[in-house]
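In: Return atomic coordinates for the entry below.
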Amino acid sequence: MSGKRTPQQSREGHRERLRQRFEKNGLSGFNNYEVVEVLLTLARTRGDCKESAKSAIRKFGTVRGVLDASPQDLRK
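Out: Numbering: from 1, shown residues only. Modelled structure (predicted):
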């Protein structure tokens, strides 16, 4: 077995791995989109938050930009 994971296997348990990383190291070593992703997983109990997090960082530039954005801008 090559050790490569399918996209489905990569998604399975992603939230748990993200949570474990956060509990072990805090936000140290997280990419900006991963910080936003952690926050989104607290608000959304299901579903993939990674693409939404990456999109928010692209749109607002930084974690601070995402946090400072209005609810209306975040929904766009």
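In: Where does pLDDT dip in this protein?
Out: For the chain, the stretches with pLDDT under 70 are 1-3, 5-11.
In: Going along the chain, name the helices of the chain.
Out: 7-11, 14-25, 32-43, 50-60, 63-68, 71-75 (DSSP state H).
In: which one of these is the most hemmed in?
Out: Most buried of those, by mean neighbour count (mean count of other C-beta atoms under 10 Å): helix 32-43, with a mean of 18. Just so you know, the C-beta spots here come from the backbone N, C-alpha and C atoms, and that holds for glycine as well.
In: I'd like to know which elements that helix is packed against.
Out: helix 14-25, helix 50-60, helix 63-68 (3 or more C-beta pairs under 8 Å, 6 or more residues apart in numbering; DSSP states H and E).
In: ok, 6 Å please
Out: Packing contacts for helix 32-43, counted by 3 or more C-beta pairs under 6 Å, 6 or more residues apart in numbering; DSSP states H and E, involve helix 50-60, helix 63-68.
In: Format these as CSV; extra columns: distance to residue 26.
Out: Shown next, in CSV, are the helices and strands packed on helix 32-43 (distance: least, C-beta to C-beta, whole Å):
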stretch, distance to residue 26
helix 50-60, 17
helix 63-68, 14
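In: what about those helices, which gets the closest to residue 27?
Out: Closest of the helices and strands packed on helix 32-43 to residue 27 is helix 63-68, at 9.1 Å (criterion: C-beta to C-beta).
In: which other helices and strands contact the closest one?
Out: Helices and strands touching helix 63-68, by 3+ C-beta pairs under 6 Å, 6+ apart, are helix 32-43.
In: Which of the helices and strands packed on helix 32-43 sits closest to residue 76?
Out: helix 50-60 (8.1 Å).
In: so how far is the closest one off the chain centroid?
Out: 9 Å (C-alpha atoms, centre = their mean, to the nearest Å).
In: before we move on, what about stretch 45-62?
Out: 6 Å.
In: Outside of that stretch itself, list whatever touches it.
Out: For stretch 45-62, the surrounding residues in contact (C-beta atoms under 6 Å, 6 or more residues apart in numbering) are 32-33, 36-37, 40-41, 66, 69.
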